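Trainee: What shape does this take:
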Amino acid sequence: QVQLVESGGGLVQAGGSLRLSCAASGRTFGGYHMGWFRQAPGREREFVAGIRWSGLSTRYADSVKGRFTISRDNAKNTVYLQMNSLKREDTAIYYCAADRTPIGPSSTTDGMEYWGRGALVTISS
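Mentor: Next up, the predicted model:
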């Protein structure tokens with residue numbers, strides 16, 4: 001069992017930066033690939049970024065490439081999402097998730113095994 005708790009959400013102006021953290025419980029955190037997803041009002045939950053268990057491989061949605069960076073610290077059981085050059089369309093609830101698929105990190109919601117409760121990110125103009 002892995003429990004995930006996001007933090008770091010808030011209100012920021014367009015063009016600004018924010019860093020989300022996701023703290024995981026459980027001794028096997030290092031064995032999970034981790035991902036960030038987001039869900040805006042009235043929209044489906046979508047993939048944002050993922051990182052392999054080793055931290056050596058990452059993947060991003062086209063909409064955030066070059067602006068967001070995912071990283072992890074397995075010693076601290078924490079995964080991060082650094083978000084720069086934020087846009088109003090980045091406004092959403094951001095969820096972290098864990099999976100152990102062989103070719104992970106998964107970019108689909110169905111592929112994730114555990115989810116956090118989410119952190120609200122609001123970008124103002």
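
Trainee: Hmm, Thr78 is touching Leu20, no?
Mentor: No - counting by Cβ atoms under 8 Å, Thr78 stays clear of Leu20, with 10.5 Å between them. (C-beta placed from N, C-alpha, C; glycine too.)

Trainee: mind showing which ranges of the protein have poor pLDDT?
Mentor: Scanning the chain with the threshold set as pLDDT under 70 gives 27.

Trainee: how about the strands in this structure?
Mentor: Secondary structure of the chain (DSSP state E): strands at 4-7, 10-13, 18-24, 33-39, 46-51, 58-60, 68-73, 78-83, 92-99, 114-115, 119-124.

Trainee: before we move on, the earlier item: need the residues touching each of Thr78 and Leu20.
Mentor: Common contact partners of Thr78 and Leu20 (Cβ atoms under 8 Å, 6 or more residues apart in numbering): none.
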